[in-house]
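A.B. asks: Okay, structure incoming, though there's no sequence with it:
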């Protein structure tokens, strides 16, 4: 990779114009996320490694995939979990060939870290805080020195465009490990939160192809309400809204229920009961497994969703249009 705009130096002059062109192309893949796109592009163009911190379904992977695709950078995915040992990250020797040939550079099978360093790719480690601490420490030398030493293979130098990009869910405390300060000290941190309601309606409309603004607005509002309750530890991401819209549209077609032609964001009074029943069934199917209650909550996920549904379709319209 000889792109001079992403080789680890500060980008100025004509190169800055190239980054702006990439940014404009990346924007065509995303709804919103202008600030996050700017910050992530600035970090990787400046040669920094980055930690993306945010709940699931906040477009972290989509954002990174769009940037690497438009820049022509290989993207190597790794899932952080207990099985991600240093050997799996760096690589190993083919056991069968080792028996015949002993350990040689030729029978080394590179792992994703070595592949990313050689190709100048982005190594993307999802669920970063679920990887064992010794695995995270393996990344230290690669990030700090841009080279690692592999026994029998020798020194592997990173191509100029090599970056480490990691992601983690700040609300996930089960099965996670404390990130070593020596690792976090070498990474920029970009907090990514949920997008606003208008952007989520845009995402659902684009991802589902559902043409009913009423159904898109209801799916987004009901899903966002799961994140606003005190008895819910973690609600659903926009992925839940996408599923609600898709399932409800399918159910409506199967049952012969017309989708209301109602463009307002808030639901009006008097929506057909067969339509709201379709949405209720879709909500139960799409969201009940995505709602994680607080440990002291006395409700069930189904009870929480029923209250949200009644508040959205019955109480709020009645309060907005009394009588």
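C.D. replies: On my side now, so go ahead. In this text the structure is predicted, and so the values were computed from the model without any measurement. Residues are numbered from 1 along each chain as shown.
A.B. asks: Run through the stretch 101-250 of the chain and note the low-pLDDT ranges.
C.D. replies: Within the stretch 101-250 of the chain, the segments meeting pLDDT under 70 span 172-175.
A.B. asks: What segments of it are helices?
C.D. replies: For the stretch 101-250 of the chain, the helices defined by DSSP state H, counting those that start in this stretch occupy 112-119, 133-145, 181-184, 197-208, 213-225, 238-255.
A.B. asks: Buried ones in the second one, by neighbour count?
C.D. replies: The one in question is helix 133-145. 135-136, 138-139, 142-143 (16 or more other Cβ atoms under 10 Å). In short, each C-beta sits where N, CA and C put it, glycine included.
A.B. asks: Same list as before, these that is, but in a markdown table and with distance to residue 214 included.
C.D. replies: Formatted as a markdown table, those follow (distance: Cβ to Cβ, whole Å):
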| residue | distance to residue 214 |
| --- | --- |
| 135 | 48 |
| 136 | 47 |
| 138 | 51 |
| 139 | 48 |
| 142 | 51 |
| 143 | 49 |
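A.B. asks: what number of residues lie near residue 316?
C.D. replies: 15 (other Cβ atoms under 10 Å).
A.B. asks: For the helix or strand hosting it, buried residues please.
C.D. replies: Assigned by DSSP states H and E, residue 316 falls within helix 316-320. Neighbour counts using 16+ other Cβ under 10 Å place residue 317 of helix 316-320 among the buried residues.
A.B. asks: before we move on, what about stretch 206-216?
C.D. replies: 208, 210, 212-216.
A.B. asks: what's the closest of those residues to residue 100?
C.D. replies: Comparing these against residue 100 with Cβ to Cβ picks out residue 208 as the nearest, at 54.3 Å.
A.B. asks: Assess the claim that that closest one and residue 244 are in contact.
C.D. replies: No - contact between residue 208 and residue 244 fails when scored by Cβ atoms under 8 Å: they sit 9.4 Å apart.
A.B. asks: What segments of the protein are strands?
C.D. replies: Assigned by DSSP state E, the strands in the chain fall at 50-53, 75-79, 91-93, 108-110, 122-126, 147-150, 154-157, 163-168, 188-191, 232-234, 292-293.
A.B. asks: quick one on the thing from earlier: determine which two of the buried residues of stretch 206-216 are furthest apart.
C.D. replies: Taking Cβ to Cβ, no two of the buried residues of stretch 206-216 sit farther apart than 208 and 214, at 13.4 Å.
A.B. asks: And the strands of the chain: which comes nearest residue 273?
C.D. replies: Across these, closest to residue 273 is strand 232-234 (Cβ to Cβ), at 26.9 Å.
A.B. asks: Show residues contacting the closest one.
C.D. replies: The contact list for strand 232-234 (Cβ atoms under 8 Å, 6 or more residues apart in numbering) reads 55, 171, 226-227, 291-295, 297, 304.
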